[in-house]
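Engineer: the sequence isn't on hand, but the structure is:
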Ligand code: ADP
Ligand code: MG
C-alpha cells in the first residue's frame, strides 16, 4: 500500500505523515521514518511539522545512496515513511513502489517548486500511489485554498532564474492560491 501526501508548504503534509505513522505504531507495527539530510530546519534527527509536532527520523542523503538506504532498511519494517520526497532523485518512486507490495508506505512531498513546476519525484510517486492525499494550505494573500508555494526574497516574489532548491521556512516561503502565486520574469 503506497499513500502519497502532496501539496504546497504549510499544507500539513508532515503532520499527516506523522499521524499515519503514529496510528500504525499504536497498533504494534514497526515503523521507520526517513528524511533527506539537507532539510535540517528544525531538528536534524526528527521530522518536524510547522506546528511543532515531531517524530524520530532516520536521516539519509538526498541522492542514490540515500535511495538505496531507504530500500535496504525499509525492508526490515512493517511501515516505511519518507518525508520531503521532492529532494530525492526520481528513482525513489520505484523504491517506494517496490516496498509497497508487502508493507505500508507513506510518502510526503511538495507538488510544485516555487516556479509552479512539478517536482519529478513527487509526480512519479503519485503515479504509483494506491492513494493520493492532496492537501491545501491557506493563501496568505486572500485566505482561499493555497495549492502553491511562493518564494520571497526580502519580501518580494523570487524571480524565475533563482535556484530551484533553497531551504527556508516562513520567512522565505508562503502558501498562495493560483491567483496570488507570482513568478516575475
Ligand atoms: P507541510 O509539511 O505541508 O509543510 P506541516 O505539517 O509542517 O506542513 O505544517 C502544517 C501547519 O503549518 C499547520 O497546522 C499550521 O499550524 C501551519 N501554517 C503556517 N502557515 C500556514 C498557512 N498559510 N496555511 C495553513 N497552515 C499554516
Ligand atoms: Mg513538511
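Structural biologist: Ah, there it is. It should be emphasised that the depicted structure is a prediction, and the values quoted were computed from it without experimental measurement. Ligands and ions are numbered 1, 2, ... in the order given.
Engineer: low-scoring pLDDT stretches of the chain, where are they?
Structural biologist: For the chain, applying pLDDT under 70 flags the ranges 39-44.
Engineer: remind me, longest helix of this structure?
Structural biologist: Taking DSSP state H as the criterion, the chain has its longest helix at helix 13-26.
Engineer: off-centre distance for it?
Structural biologist: Centroid separation for helix 13-26 versus its chain: 14 Å, with C-alpha atoms, centre = their mean, to the nearest Å.
Engineer: the residue nearest the centre of the chain: which element?
Structural biologist: By C-alpha atoms, centre = their mean, the mean C-alpha position of the chain lies nearest to residue 109, the distance being 2.4 Å. Using DSSP states H and E, residue 109 sits within strand 104-110.
Engineer: so where do the strands sit in the protein?
Structural biologist: Assigned by DSSP state E, the strands in the chain fall at 2-7, 31-36, 46-48, 54-56, 58-60, 79-82, 104-110, 131-134, 137-138, 145-146, 148-153, 156-157, 173-176.
Engineer: what residues does this structure put near ligand 1?
Structural biologist: Neighbours of ligand 1 within the chain, by C-beta under 6 Å from any ligand atom: 7, 9-15, 49-51, 137-138, 140, 175. Heads up, the C-betas are built off the backbone N, CA and C, glycines and all.
Engineer: now this protein against ligand 2: closest residue?
Structural biologist: The chain approaches ligand 2 most closely through residue 14 (3.3 Å), counting by C-beta to the ion.
Engineer: so what's that residue closest to, chain neighbours aside?
Structural biologist: Excluding the flanking residues, the one nearest residue 14 by C-beta to C-beta, 6 or more residues apart in numbering is residue 49, at 4.1 Å.
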